[in-house]
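Asks: got a predicted structure here, sequence first:
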Amino acid sequence: MKNVRGLIFDLDGTLVDSQLDFDLMRSEMQLPPGPILESIAALPVAPAERCYRILRRHEMEGAERATLLPGVAQLLERAQERFIPIGIVTRNSREISLAVLHRLQLKYDILLARDDGPIKPDPWAVRHICERWNVPARQVVMIGDYHFDVLSGRGAGARTVLLTHPVPPREYPNLEQADLLLSSLAEHDA
C-alpha cells in the first residue's frame with residue numbers, strides 16, 4: 001500500500017498470540033455464542049461483574065503466555081525506521097494490553113483499549129488516533145484478524161488489512177470489505 005502515514009493494529013491475534021479460548025470463556029460465563037463484551041453488557045450488574053472477573057482472569061493468563069506472531073517485530077521495526085506511527089486498538093482492557101506490550105517490549109505511539117471509549121466495530125478509536133496524529137484516515141491502515149477490525153477501519157475511512165490466520169477466509173463475514181487479505185504479517189513487505 002502506498003502513501004501510508006500511520007498503521008493501527010489490533011492486538012490479540014494480530015500482533016500477539018495470547019492463546020485465548022473464547023469458547024471456554026463463554027462456557028464459564030454461561031454466555032451464548034457471539035461477541036463476549038456485547039453479551040456481558042446486556043446482563044444485569046451482578047452477573048456482568050462476575051463475567052468481567054472471569055474475563056480478566058483469562059486475559060491475564062493470556063498476557064502471561066502471549067508471544068509475538070510471525071513478522072510482527074520486522075514490520076514494526078520497518079515502520080519505525082520510516083517514521084510511520086504505530087497505533088493499537090484493542091477490545092482488551094488497558095491493564096492487560098499494557099502488561100502484554102511491556103512484557104514483549106513492543107513499541108507503539110498510542111494505545112486505545114476498551115476502557116478508553118466505544119469498542120470495535122465502532123470506528124471511534126481509529127478516528128481518534130487519526131485526529132491525534134493529524135493524518136487523514138485514508139492514509140492510515142487498520143490491520144486486524146477479525147471482521148470488527150475491518151468494520152472499524154472502514155467506518156473511519158481508513159484502508160484495511162484482514163489477517164486470515166488461522167481462520168480460512170470463507171468463514172469471515174463481509175470479507176470483500178477488506179482492502180487486502182494476508183495470511184500473516186510475515187507475508188507483507190512494508
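Replies: Received, thanks.

Asks: find the nearest non-adjacent residue to Gly157, please.
Replies: Of all residues not flanking Gly157 in the chain, Ala137 sits nearest, at 3.7 Å (CB to CB, 6 or more residues apart in numbering). (Each C-beta comes from the backbone N, C-alpha and C, glycine too.)

Asks: this protein: strands as residue ranges?
Replies: 6-9, 16-17, 67-68, 86-89, 110-112, 140-144, 159-163, 180-182 (DSSP state E).

Asks: looking at those, which is nearest to Pro32?
Replies: Pro32 lies closest to strand 140-144 among these, at 23.5 Å (CB to CB).

Asks: can you pull the contacts of the residue lying farthest from the centre of the chain?
Replies: Using CA atoms, centre = their mean, the residue of the chain lying farthest from its centre is Ala46. It sits 27.9 Å away. Ala46 sits next to no residue when contact means CB atoms under 8 Å, 6 or more residues apart in numbering.

Asks: buried set for stretch 33-40?
Replies: Neighbour counts over stretch 33-40 (16 or more other CB atoms under 10 Å) mark 35-37, 39-40 as buried.

Asks: tell me the mean pLDDT for that stretch?
Replies: Mean pLDDT, stretch 33-40: 92.
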